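K.L.:
model the structure of this input:
(one chain, ligands or ions: 1)
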Amino acid sequence: MLVEPGRIELREERSPAPPPGGMVVRVRAALTDGTDLKTYRRGHPKMPMPTRFGHEFCGDVIAVADGVESFAPGDAVMCVHTAPCGRCYWCRHEQEELCDDLMPAMLLGAYADSIAVPKRIVERNAFRKPPGVTYAEGAFLEPLACVVHSVATLAPPSDASIAILGNGGFGILHALLLQRAGINAMIFGRRPERIELARSLGLQSIDSSNAPIRDAILERTDGRGADIVIECTGTAELWEAAPSFARRGGTVSFFAGLPAETRVSFLAARLHYDEVRLVAPFHFRPCDVRSAFELIAQQALSVMRLVSHSYPLDQIASAFRELDAGTGLKFLIEP
Ligand SMILES: [Zn+2]
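P.N.:
Here you go, the predicted structure:
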């Protein structure tokens, strides 16, 4: 339980019962993510503390509600923490990521021995984990679904020049997915260990601590600017700078969000006369989750290279202290 910002407490509770149409999963692997770190630092806007948290996980079914036939106790499963309603305006218009009832019904609490997964997720966004895939790999389903959705929004041609701002977990996942499509994206960041990690994954990893990002991009694109810029840092400074990194007619994608009240400004000329297009893909649709599942099932991406260290659940506070101090990328929590 996150009892207050920066303080995690372990509590003994009765294992949950399966909700109607749902199931209970014994968590075998959970991951930390930037969103979880934000929750740790500030609390979660929708969840009053004390609250359970954690949303990337994989495990074994230990109980199912009456009538659930798609899964049975003993099945290893991968799922995400949301599922769209399937009935609202957005669901009927293939924009399920904007479903009216997506976020209110979000499932948090992956940092636990067990978690109760509601009906809608069981029906729409849960899969049997293939035996050759580890639980830790299975826990990447949710972050990878976000990245699959992001790349699907951009649909880059194979010769696209792409600049990724930020070499955290999401920046690297983007670069790996693009690498698989034959695109050698430029990935920018500052922390030496991340620059090195990206390099060791065969990525075009560029240190932005000394040289301006714009110069590095212009140098690699015959002075034009990138076809596509993907903002993965979630800082207002780089949101505002990103359009200056794109070529005329290029696209800027704001993948990483900013606090809701943030205002950002752009030069009108860049958007109009230079036709720089702005997009901001959010979350994912069930079809993105399925694509992410297939990528993980094929072990198509070296996702485990993003895991800095593994901790048992009773040492989860150490993992968050490290993240808060700026060390590590993603931590694996294994109850
Ligand atoms: Zn809906």
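
K.L.:
can we go C-alpha only for contacts and neighbour counts from here?
P.N.:
Will do.

K.L.:
hey, which helix is longest across the chain?
P.N.:
Ranked by residue count and defined by DSSP state H, the top helix of the chain is helix 141-154.

K.L.:
how about that helix: buried residues?
P.N.:
By neighbour count on 16 or more other C-alpha atoms under 10 Å, the buried set for helix 141-154 is 141-151, 154.

K.L.:
any idea whether Arg28 is helix, strand or coil?
P.N.:
Per DSSP: H, G, I helix; E, B strand; the rest coil, the local secondary structure of Arg28 is strand.

K.L.:
residues in contact with the residue lying closest to it once chain neighbours are set aside?
P.N.:
Closest residue to Arg28 in three dimensions, ignoring its sequence neighbours and counting by C-alpha to C-alpha, 6 or more residues apart in numbering: Gly59, at 4.6 Å. Counting by C-alpha atoms under 8 Å, 6 or more residues apart in numbering, Gly59 touches 25-29, 76-78, 135.

K.L.:
run a quick neighbour tally on Phe282.
P.N.:
17 (other C-alpha atoms under 10 Å).

K.L.:
in the helix or strand of the chain with the lowest mean pLDDT, which residues are buried?
P.N.:
Least confident helix or strand, the chain: helix 34-42 with a mean of 92, by mean pLDDT, DSSP states H and E. Neighbour-count burial for helix 34-42, counted by 16+ other C-alpha under 10 Å, picks out 36-37, 39-41.

K.L.:
near the ion at all, stretch 90-106?
P.N.:
Yes. Judged by C-alpha under 5 Å from the ion, stretch 90-106 comes into contact with the ion at 91, 99.

K.L.:
just name the closest of the contacts of Gly59 to Thr235, please.
P.N.:
Thr235 has its nearest neighbour among the contacts of Gly59 in Ala29, at 29.6 Å by C-alpha to C-alpha.

K.L.:
residues contacting the residue lying closest to that closest one once chain neighbours are set aside?
P.N.:
Distances taken as C-alpha to C-alpha, 6+ apart place Glu334 nearest to Ala29, at 4.8 Å, with adjacent residues excluded. Counting by C-alpha under 8 Å, 6+ apart, Glu334 touches 27-30, 310-313.

K.L.:
quick one on the thing from earlier: and the residue nearest to Arg28, that one's in a strand?
P.N.:
Yes. Assessed by three-state DSSP, Gly59 belongs to a strand.

K.L.:
spit out the contact partners of the residue nearest the centre of the chain.
P.N.:
Nearest residue to the geometric centre of the chain (C-alpha atoms, centre = their mean): Pro143, 2.9 Å. Residues in contact with Pro143 (C-alpha under 8 Å, 6+ apart) are 56, 170.

K.L.:
what does Glu231 give?
P.N.:
Residues counted as contacts of Glu231 (C-alpha under 8 Å, 6+ apart) are 164-166, 238-239, 242, 252-256.

K.L.:
measure it to the ion for me?
P.N.:
Counting by C-alpha to the ion, to the nearest Å, the gap from Glu231 to the ion is 27 Å.

K.L.:
just list whatever residues bridge to that residue.
P.N.:
Leu165, Phe254 (DSSP bridges).

K.L.:
now do it, the pLDDT please.
P.N.:
According to the predicted model, the pLDDT of Glu231 comes to 98.

K.L.:
ditto for the one 5 residues further on
P.N.:
In the prediction, the pLDDT value recorded for Ala236 is 97.

K.L.:
what's around it, how many residues?
P.N.:
Other residues close to Ala236 by other C-alpha under 10 Å number 16.

K.L.:
residues contacting it?
P.N.:
Neighbouring residues of Ala236 by C-alpha under 8 Å, 6+ apart: 258, 262, 264.

K.L.:
let's go with 10 Å and repeat that
P.N.:
Residues in contact with Ala236, defined by C-alpha atoms under 10 Å, 6 or more residues apart in numbering, are 242, 257-259, 262-265.
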